[in-house]
Structure formats: structure tokens, C-alpha cells
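Asks: okay, predicted coordinates and the sequence, questions at the end:
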Amino acid sequence: MSAIVCSHVDKSYGATSVIRDLNLSIEEHEFVVFLGPSGCGKSTLLRMLAGLEDISGGEISIGGTVVNDLDPGDRGVAMVFQNYALYPHMTIFDNIAFGLKRQNVPKAEIRQRVGAVSTTLGLDPYLDRKPAELSGGQQQRVAIARAMIKTPKVFLFDEPLSNLDAKLRNHMRVEIARLHQSLNTTTVYVTHDQLEAMTLADRIVLLRDGRIEQIGSPAEIYERPGNLFVAGFIGTPNMNFIDVTIGRDGDAWTLTNAGTVFTISGERFRLQQGERAVLGIRPPDLVAASPGASGNLLEGTADLIEFHGNDALVTFCLGGKEISALVPSRACPAIRADVRYGFDESSLHLFDAQSGMSLRRQ
Ligand SMILES: Nc1ncnc2c1ncn2[C@@H]1O[C@H](COP(=O)(O)OP(=O)(O)OP(=O)(O)O)[C@@H](O)[C@H]1O
Ligand SMILES: [Mg+2]
């Protein structure tokens, strides 16, 4: 049985449609991340799962029960927000225990359960403090503890790490991954940070304008983006895109952009002579060509070099378009040097220029 099923879910605010005919099944124990640009409807969808927001159409079920008309407290979910929402005047113990006290759980059981959760999250030393006396990361753990103590069927996280600095965010990301490994509770996690999505998710649901663009494991989405939007959204540095016209050369296919012609076998793609397409290639898939090399080459003059440590991002112009190659720093060219990069056909992506859909055979 799926843990969560959304069936034809719609949401509008007045005339503004925010989620459109959304269908999604989340399996038990799965860690699913809603990812997408600001305003695409991630939080709205999460809040509808939590029951904090009505749905305008369709059906949501959790653990096999339709929850459309159930109050948040009766859905078996616990939500962790971006701004922790801790009670400032209460101790950490009381913050964590709050939900149990409201349910009139006996005092001894509250002590035992708060103890267990606070030990799991490393909060034992802080139970007598007030939230203001904790660091951001510790406060975030209290917010997670407060959700955990309800032993929910589903955890819902809305950008729980976005208030933390980069180092703490990395640390908490690992903690959340560990927590999921040990508790195995079905989790839905909202973020617009693709690194968070790629590292935490069993499956990513990539949203745009209230619709699902693609659902898949991080590797599937990275390696087989289904359309131009997904290809451009996933992967840092961003995928390079080159407009090409498709042609034939004997048994091979050609992809032509102004003066540059690439020749490929095209086996992986559905191609048609004369059609316009967009060739996609990720910066790390461009490899410096040796001096005598021929074949598929992107050539230009390095006009920007960004040093990243181990790697450097070399940007050059090809047919009026900026192209970036991620190269080992020790092989980094000088600024304004002539550069030539080759690629393996297996790393190419091709998209229909009009629809934006991938031309890859399924
Ligand atoms: N109460 C509301 N009334 C009208 N429009 C709303 C309301 N709440 C959200 N919206 C709109 O719904 C859309 C989706 O909002 P939502 O908060 O779900 O986006 P999000 O993907 O979580 O974005 P972010 O990454 O910025 O948090 C936005 O265009 C937003 O302006
Ligand atoms: Mg949001």
C-alpha cells in the first residue's frame, strides 16, 4: 500500500491556479523531495498533505485513508517548518513534550518519550534551556524532535535548513539522512536546493508552475532529463545548450550550428533530417582535446575562468553562445587562450527545439 496518494489534485486561490491535476504515489519508507523554482507550488502541496490548506479538487489519501476532510491532527503526519516555530518562553523539554501534554499522555511516559527522542537527536544537554539559548542547528533539531515525538506515519519538511549557514546546513543534511535511515519514516521534503534534493531523495518530484515535470531517482533525473526545463534545472554548473539543425551524412547524423558540425551515430535518439533540436552537454562532460585531435570539437577563446578549487570552469563563446567546461584546475588554460573541447557521444542530450521534449529513445 502506498503511504500517500494524490489523485487529480487541484488547488486554486480565487482565479489563480497553483496546483493542476497532480497525480503522485509515495511508497512507505520512501524519502521524496519536492524540488522546483520559487513559486512552483511546493509548499502549497506539502501544506495540503498536512491538512493546513484545503484542496480545490481531487483526492489525497494517507495510509489508505482519504484525508480530504480530516483535520491536520488526525492525519498521522508531523511537519517541520523553515522557521522552527518553537515556543520561546518554554524550555526545550516542554517544547518537545507540548503535543503529548495536549493529548494528556501520562507524565512518566512523556518523560520517557522526550528522553528517547532527545537522545537520538543529541539534545540531552539542552532540555532545560530556552530556544533563544540554542544555536540555529540545535533549534532545528528541537523542531525535528517535536515532530518525531508524535511517531507520525509521515514526516513533512518544508525547507527545514534554509535558515542555517552553509556548514551547518551540510551537517544537518547528513543528520536528516541518518535519521531517515534509522527511523525509516516516510518523508516528504521540500527544497529549492538541488544539492539537498540530490543527496537526500530516493525520488525527486520536480515541479514547475504547479505541474510535475519529472519524477525519478536523482541519478535518473540527472542522467535522463525528460525535457529542457529539467535538463536546465538539474546540475551545477548548468548544462550547455546549443541550437542545431539535424542532417544526414551517409549512415551518420549531423548536428549543425553555424560553422560547427558534430557527427554522431544517433543510435540513442529519434532523429529526423531537417528538424531543429537543442543539443545539451554538461560542463564536466567536455574534455580538453589533444592538439592533433579531430572529430566533434567545440572551439573558442577562454574569456572567463572561475577557480573552484579542484576544478575550474572555463567559459568561451561558440556561435554567439556561452559554453562552459569544467576542467581539472591543473589543466586550466590561461585567460584568452584558444581552447578545444571534445565529448563522448554517450554524454550528449538532445531535445526537440519546439516542444523541449527529450529525443532520447525510451
Ligand atoms: N494564500 C495565497 N493566496 C494566493 N496565492 C497564493 C497563496 N499562497 C500561495 N500562493 C501562490 O501560489 C504559488 C505557489 O506558492 P508556494 O508557496 O507553494 O510556492 P513554493 O514552491 O513553496 O515557493 P518557494 O520556493 O518560494 O517557497 C505562488 O505563486 C504563490 O504566489
Ligand atoms: Mg515554499
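Replies: Sure thing, it's come through. Ligands and ions are numbered 1, 2, ... in the order given.

Asks: and the helices in the stretch 51-200 of the chain?
Replies: Here the stretch 51-200 of the chain has its helices, by DSSP state H, counting those that start in this stretch, at 92-102, 107-120, 136-148, 166-183, 194-200.

Asks: can you tell me which of these is most buried?
Replies: Stretch with highest mean neighbour count among the helices of the stretch 51-200 of the chain: helix 136-148 (a mean of 22; mean count of other CB atoms under 10 Å). All C-beta spots, glycine's among them, are computed from the backbone N, C-alpha and C.

Asks: so what does that one touch, helix or strand wise?
Replies: When contacts are defined as 3 or more CB pairs under 8 Å, 6 or more residues apart in numbering; DSSP states H and E, helix 136-148 packs onto strand 77-80, helix 92-102, helix 107-120, helix 166-183.

Asks: contact partners of that helix?
Replies: By CB atoms under 8 Å, 6 or more residues apart in numbering, the surrounding residues in contact with helix 136-148 are 78-81, 84-86, 92, 95-96, 98-99, 114, 117-118, 120-123, 126, 131, 134, 155, 160-161, 163-165, 168, 171-172, 175-176, 179, 183.

Asks: got the helices and strands packed on helix 136-148 as TSV, with mean pLDDT and distance to Leu318 columns?
Replies: Output for the helices and strands packed on helix 136-148, formatted as TSV (pLDDT from 0 to 100; distance: least, CB to CB, whole Å):
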stretch	mean pLDDT	distance to Leu318
strand 77-80	91	45
helix 92-102	93	56
helix 107-120	93	53
helix 166-183	87	33
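
Asks: will you turn those into TSV that also has distance to Gly216?
Replies: Compiled in TSV, the helices and strands packed on helix 136-148 are given as follows (distance: least, CB to CB, whole Å):
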stretch	distance to Gly216
strand 77-80	24
helix 92-102	35
helix 107-120	31
helix 166-183	19
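
Asks: nearest to Pro328 among the ones you listed would be which one?
Replies: Proximity to Pro328, assessed across the helices and strands packed on helix 136-148 by CB to CB, is greatest for helix 166-183 (23.6 Å).

Asks: how near is the residue of the chain most remote from its centre to ligand 1?
Replies: Ranked by distance from the centre of the chain (CA atoms, centre = their mean), the top residue is Gly250, with 41.8 Å. Between Gly250 and ligand 1 the computed distance is 49 Å (CB to the nearest ligand atom, to the nearest Å).

Asks: so what's the residue in the stretch 51-200 of the chain that ligand 1 sits nearest to up against?
Replies: Ligand 1 sits closest to His192 of the stretch 51-200 of the chain, with a gap of 4.6 Å, by CB to the nearest ligand atom. Applying CB under 8 Å, 6+ apart, we find His192 in contact with Leu35, Gly36, Pro37, Ser38, Lys42, Glu159.

Asks: okay, domains of the protein per the record?
Replies: 2-229, 240-352 (automatic domain parsing).

Asks: which parts of the stretch 1-150 of the chain sit against ligand 1?
Replies: Tyr13, Thr16, Val18, Gly36, Ser38, Gly39, Cys40, Gly41, Lys42, Ser43, Thr44 (CB under 6 Å from any ligand atom).

Asks: which among those residues count as buried?
Replies: Val18, Gly36, Cys40, Gly41, Lys42, Ser43, Thr44 (16 or more other CB atoms under 10 Å).

Asks: turn the residues you listed into TSV, including secondary structure and distance to Asp303.
Replies: Converted to TSV, those look like this (DSSP: H, G, I helix; E, B strand; the rest coil; distance: CB to CB, whole Å):
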residue	secondary structure	distance to Asp303
Val18	strand	42
Gly36	coil	32
Cys40	coil	33
Gly41	coil	38
Lys42	helix	37
Ser43	helix	40
Thr44	helix	42
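
Asks: identify the residues contacting Pro37.
Replies: Pro37 neighbours (CB under 8 Å, 6+ apart): His192, Arg208, Phe233.

Asks: alpha carbons only: can I get stretch 243-263 in CSV?
Replies: C-alpha atoms of stretch 243-263 as CSV (Å, rounded to 0.1, in the frame of the first residue of the first chain):
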residue,chain,number,x,y,z
ASP,A,243,20.8,25.1,-31.2
VAL,A,244,21.4,22.7,-34.0
THR,A,245,19.8,21.5,-37.3
ILE,A,246,19.7,17.8,-37.8
GLY,A,247,21.1,16.3,-41.1
ARG,A,248,22.4,13.1,-42.6
ASP,A,249,25.8,12.1,-43.7
GLY,A,250,25.8,8.6,-45.1
ASP,A,251,24.8,6.3,-42.1
ALA,A,252,25.7,9.0,-39.6
TRP,A,253,23.7,12.0,-38.4
THR,A,254,25.0,15.6,-38.3
LEU,A,255,24.1,18.4,-35.9
THR,A,256,25.0,21.8,-37.3
ASN,A,257,25.3,25.1,-35.6
ALA,A,258,26.6,27.9,-37.8
GLY,A,259,30.1,26.8,-38.7
THR,A,260,30.3,23.8,-36.3
VAL,A,261,29.2,20.4,-37.4
PHE,A,262,29.0,17.4,-35.0
THR,A,263,28.7,13.9,-36.4
